[in-house]
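A.B. asks: Quick one: sequence and predicted model below, then my questions.
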Amino acid sequence: MFNTVRTVMTFAADPEASARWWGELLDVPVKLDVSDTGAVYAWVEIGGVEVGFHPADDERNPRGGSPVVYWGVDDVDRVRERLLAAGCEHHRGPLTIEPGRRIAQLRDPFGTIVGIEGP
């Protein structure tokens, strides 16, 4: 019935800027869809998953109403340091969930919380 996760959408004050920051960090192209009203939905694809940035809207799509996206990584500490150097801020962790499995959360420069998970 359910297959793999295809899209994870987050809400951002500036979807295009958020997507461009992630696109540059991950070295992947940014895709844009501009509606008739001028609203921008922007996204990057990595590992077969679309990570999208939709305009935040206090009534329908408030920031903080999104799930936390956890990226699978080979080394939590190394990737965490890279994200911090790229402009992210510490949010929580690193935490050991079980032996060999750790997580950390960071806030990107646009306020979106992102998680990393791995050894």
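C.D. replies: Arrived safely, thanks for sending.

A.B. asks: switch to C-alpha atoms for all contacts and neighbour counts from now on
C.D. replies: OK.

A.B. asks: And the single longest strand found in the chain, what's buried?
C.D. replies: Ranked by residue count, the top strand of the chain under DSSP state E comes out as strand 89-98. Residues of strand 89-98 classed as buried by neighbour count (16 or more other CA atoms under 10 Å): 89-90, 94.

A.B. asks: Can you name every helix or strand that that strand contacts?
C.D. replies: Contacts defined by 3 or more CA pairs under 8 Å, 6 or more residues apart in numbering; DSSP states H and E place strand 89-98 against helix 76-85, strand 101-107.

A.B. asks: Including mean pLDDT, mean neighbour count and distance to Glu24, could these go into a markdown table?
C.D. replies: What follows is the helices and strands packed on strand 89-98, written out as a markdown table (pLDDT from 0 to 100; neighbours: other CA atoms under 10 Å; distance: least, CA to CA, whole Å):
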| stretch | mean pLDDT | mean neighbour count | distance to Glu24 |
| --- | --- | --- | --- |
| helix 76-85 | 96 | 16 | 12 |
| strand 101-107 | 93 | 20 | 16 |
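
A.B. asks: now for the ones you listed, which one comes closest to Ala12?
C.D. replies: Checking the helices and strands packed on strand 89-98 against Ala12 by CA to CA gives strand 101-107 as the closest, at 12.1 Å.

A.B. asks: just checking, what packs against that closest one?
C.D. replies: With contacts defined as 3+ CA pairs under 8 Å, 6+ apart, the packing partners of strand 101-107 are helix 76-85, strand 89-98, strand 113-118.

A.B. asks: Out of those, flag the one nearest Gly48.
C.D. replies: Proximity to Gly48 (CA to CA) singles out strand 113-118 among the helices and strands packed on strand 101-107, at 16.9 Å.

A.B. asks: Point out where this structure drops to low pLDDT.
C.D. replies: Low-confidence segments of the chain, defined by pLDDT under 70, are located at 1-2, 60-66.

A.B. asks: May I see the helices and strands packed on strand 89-98 organised as TSV, with distance to Asp58 added?
C.D. replies: Putting the helices and strands packed on strand 89-98 into TSV (distance: least, CA to CA, whole Å) gives the following:
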stretch	distance to Asp58
helix 76-85	28
strand 101-107	19
